[in-house]
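1. Below is the sequence, then the predicted model.
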Amino acid sequence: MKRISTLITLILFLSPAAVFACTNFIVTKGASVDGSTMITYTADSYMMYGELYHFPAAKYPEGAMLEVFEWDTGKLLGKIKQVRETYNVTGNMNEHQLAIGETTFGGRGELTNPKGIIDYGSLIYITLQRAKTAREAIRIMAQLVEEYGYYSSGESFSIADPNEAWILEMIGKGPGVKGANWVAVRIPDGYVSGHANQARITKFPLNDPDNCLYSKDVISFAREKGYFSGKDADFDFAAAYSPLDFGAIRFCDGRVWSLFRRCNSTMVKYLSYIKGENLERMPLYVKPDKKLSVQDVMGLMRDHYNGTELDMTTGVGAGPYGNPMRARPLTWKYNGEEYFNERPISTPQTGWSFISQSRSHLPNEVGGLLWFGMDDTYTTVWFPVYAAVTDVPENYRKGLGSLSHFTWESAFWVFNAVANFAYPRYNFVIDDIRTVQNQLEGQFLLRQKEVEEKAAKLLSSSRAECLMFLTNYTKESGKTVYNTWKKLSEDLLLRYVDGVKKNEYFKTVNIGYPDDFKKQIVSESGDKLKVKKLPGEKEAAIGDHINNAKELIKKKDYVSAKSELESLLKLDPGNSWASAELKKVNDLLRAIEDLHNKNFGMQ
């Protein structure tokens, strides 16, 4: 995801991790609990507005042309031939259960073609309108850039249908040159994979078309450019077209590592790679320790490196309340040295995200499902959007508000209101948010079987009635989430206004700072913030303690007298009278204890 101007893209091309930031996770059908193939996608950019796209199926006359606008900027790139028939597309999935996601890896800046007509965003949505399977999508994507030229920088695409999941990595050939250099690898069934703004395909099989496809000159082009000089069998796509740097490892592969470590226990060992201590790259795919459910995948996409030494909820940067958000920019300088903030999967600049389910055991109308959400994945709610629907929820539709136009009618702005309220008071607000989030998502997951059985039954007699039912359910689900989250934003303000907490009676409860943050304050401020005794105040307090102690001894309340004398000695450690009296009181208390034990047989 970029959403910035082409000029800025070219200027910052050598540091793609500092500019682009999306995360994809891929689950094959054999790695999922219910036989789904799944793709996750976070559309991360400070210039990305959250909307749920919809392209209805359509038919066109012979010779029709399609205008292509750059997805990031809206700039007209040119026209291409339109096909006679296009498929219904909702979000990033079409009516045939084909889903596509992406992350930008950038790669070699000299390979961008500013005269190309097909940018990465258009490539996704045009392909979704034309392809039925992942393999067909790869073929169409390759044909489009071959015929019209590839406009964007290096991209990794996740492509899944009900049976297969692939990673396609693509980069252009330079100014004025049509086509692209690309490799597509099928993820073996039973495995998971991921990518996050760094090319992940290294070496690949040259004679295995069932599992690997590639452009005919992907190796010879690299050799001609001087990117590679070895044997074909040793060719490494990522090394040739997107060489590693520290940012590519820490900010990009770090997110893939965090996904892998949470579903395969052996992946913890790659922490040293993520820290830049070696260059032993992670495998392209791993086998999870157990099969993953949709709910598991939702949890994986809510990640701040929790529980690792990269944990974003700890340290001075997290402030007093464990805020995982960090001030931008990603890298910064102090005293001539460069430093950085971690870049987690869950991040404030997510415009929207999805988790797709493509299911071969269900008809396309029912099996194709997007779990769609707005803003930061940690505070979003993913709700069900069936890919074959004929309309989308009102508060999520395209054109409702923008980054320069706030409206409470937009789900994007409502979710941002909740998340941004939470960030500065994170630890004592996030549980309230997660409670409502779990209730909503749990409700949708619980109803999924019932809804799909009803939809399948309707489909057996009327496709139109099935689609109407799923469309209404999708719209109702989106409306429920929007209404509940808007109410939550109001409730949070009521409960946590002005930096305090209100109890069930709306009475003020002070929150204060945790001890580790108090320690930081005291260490930094020294005695500046320490409460001081006024002149004569100490002497008066000492006199009060003496008088109280004498009165308590007179009343034979030796326990209270002991407490009073100890407080006196804290104020005046050298007070010999208090020391002597305290010794007497302690001796007397011990004698009373001994006498009690002797008389009542407690010895």
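-> Done, it's in.
2. what are the ranges of the strands in the stretch 251-400 of the chain?
-> With strands called from DSSP state E, counting those that start in this stretch, the stretch 251-400 of the chain shows them at 285-286, 331-334, 337-340, 350-359, 369-374, 383-386.
3. Go through these and pick out the most buried.
-> Greatest average neighbour count among those goes to strand 369-374 (a mean of 28), per mean count of other C-beta atoms under 10 Å. In short, each C-beta sits where N, CA and C put it, glycine included.
4. Name the surrounding residues that touch that strand.
-> 50, 52, 90-93, 99, 294, 298, 351-357, 359, 380-387, 396, 411-412, 414-416 (C-beta atoms under 8 Å, 6 or more residues apart in numbering).
5. And stretch 173-183, by the same measure?
-> Applying C-beta under 8 Å, 6+ apart, the external contacts of stretch 173-183 come out as 110-116, 142, 145-150, 168-172, 201, 204, 212-215, 217-218, 221-222, 237, 241.
6. quick one, phi/psi of the residue nearest to Val316 when sequence neighbours are not counted?
-> Once flanking residues are discounted, Val316 sits nearest to Gln520: 6.7 Å by C-beta to C-beta, 6 or more residues apart in numbering. Main-chain dihedrals, Gln520, degrees, to the nearest 10: phi -60, psi -40.
7. Now do the buried residues in stretch 132-151.
-> 133-138, 140-142, 144-145, 148-151 (16 or more other C-beta atoms under 10 Å).
8. those helices in the stretch 501-603 of the chain, which residues are they?
-> Taking DSSP state H, counting those that start in this stretch as the criterion, the stretch 501-603 of the chain carries its helices at 515-525, 537-554, 558-571, 576-599.
9. possible to save the ones you listed as CSV with distance to Arg255?
-> Formatted as CSV, the helices of the stretch 501-603 of the chain follow (distance: least, C-beta to C-beta, whole Å):
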stretch, distance to Arg255
helix 515-525, 27
helix 537-554, 57
helix 558-571, 52
helix 576-599, 61
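10. most neighbours per residue, which of these?
-> Of these, the one with the most neighbours on average (mean count of other C-beta under 10 Å) is helix 558-571, at a mean of 17.
11. any idea of the mean pLDDT in it?
-> For helix 558-571, mean pLDDT rounds to 93.
12. let's number from 38 now, not from 1
-> Yep, numbering from 38; the last one is helix 595-608 now.
13. Of all residues in this protein, which one is nearest the centre?
-> Ser383 (2.4 Å; C-alpha atoms, centre = their mean).
14. Would it be right to say that Val222 lies in a strand?
-> Yes: Val222: assigned to a strand according to DSSP: H, G, I helix; E, B strand; the rest coil.
15. how close does it get to Val334?
-> With distances taken as C-beta to C-beta, to the nearest Å, Val222 is found 21 Å from Val334.
16. Ok, Asn584 next?
-> Look at Asn584 and Val334: by C-beta to C-beta, they are 69 Å apart.
17. Check this protein for its longest helix and report it.
-> Ranked by number of residues, the top helix in the chain under DSSP state H is helix 500-533.
18. Now do the buried residues in it.
-> Buried residues in helix 500-533, counted by 16+ other C-beta under 10 Å: 503-504, 506-508, 510-512, 514-519, 522-523, 525-526, 529, 532-533.
19. Under the pLDDT cut-off, which ranges of this structure? List them.
-> 38-57, 639-640 (pLDDT under 70).
20. for the closest residue to Asp269 other than its chain neighbours, phi and psi?
-> Closest residue to Asp269 apart from its sequence neighbours, by C-beta to C-beta, 6+ apart: Ile256 at 5.4 Å. Dihedral pair for Ile256: phi -90, psi -50, per degrees, to the nearest 10.
21. same check, this time on Ile137
-> Per degrees, to the nearest 10, the backbone of Ile137 is at phi -140, psi 130.
22. same deal with the one 10 residues further on?
-> Glu147 adopts backbone torsions of phi -70, psi -10, taken as degrees, to the nearest 10.
23. how far away is the residue nearest to it when sequence neighbours are not counted from Lys152?
-> With C-beta to C-beta, 6+ apart as the criterion, Glu147 has its nearest non-adjacent residue at 6.0 Å, and that residue is Gly211. To Lys152, Gly211 is 10 Å away according to C-beta to C-beta.
24. Walking through the stretch 138-287 of the chain, point out its strands one by one.
-> Using DSSP E, counting those that start in this stretch, strands in the stretch 138-287 of the chain cover 191-197, 202-208, 218-223, 229-232, 249-251.
25. Distance from stretch 333-343 to the middle of the chain?
-> Mean-position distance between stretch 333-343 and its chain equals 7 Å (C-alpha atoms, centre = their mean, to the nearest Å).
26. Report the buried residues of that stretch.
-> Neighbour-count burial for stretch 333-343 flags 333-335, 337-343 (criterion: 16+ other C-beta under 10 Å).
27. same check, this time on stretch 199-212
-> Within stretch 199-212, the residues that count as buried by 16+ other C-beta under 10 Å are 199-210.
28. For these, work out which two are farthest apart.
-> Spatially, the most separated pair among the buried residues of stretch 199-212 is Pro199 and Lys210, at 33.4 Å (C-beta to C-beta).
29. So the residue nearest to Glu147 versus Ile256, what's the distance?
-> According to C-beta to C-beta, Gly211 stands 17 Å off from Ile256.
30. Torsion angles phi and psi at Glu446?
-> Backbone torsions of Glu446, given as degrees, to the nearest 10, read phi -80, psi -20.
31. how close does it get to Asn453?
-> Separation of Glu446 from Asn453 (C-beta to C-beta): 13 Å.
32. now Gly67
-> Remark: distance between Gly67 and Asn453 (C-beta to C-beta) = 38 Å.
33. Give me the more crowded residue out of the two.
-> Asn453 (20 against 14; other C-beta atoms under 10 Å).
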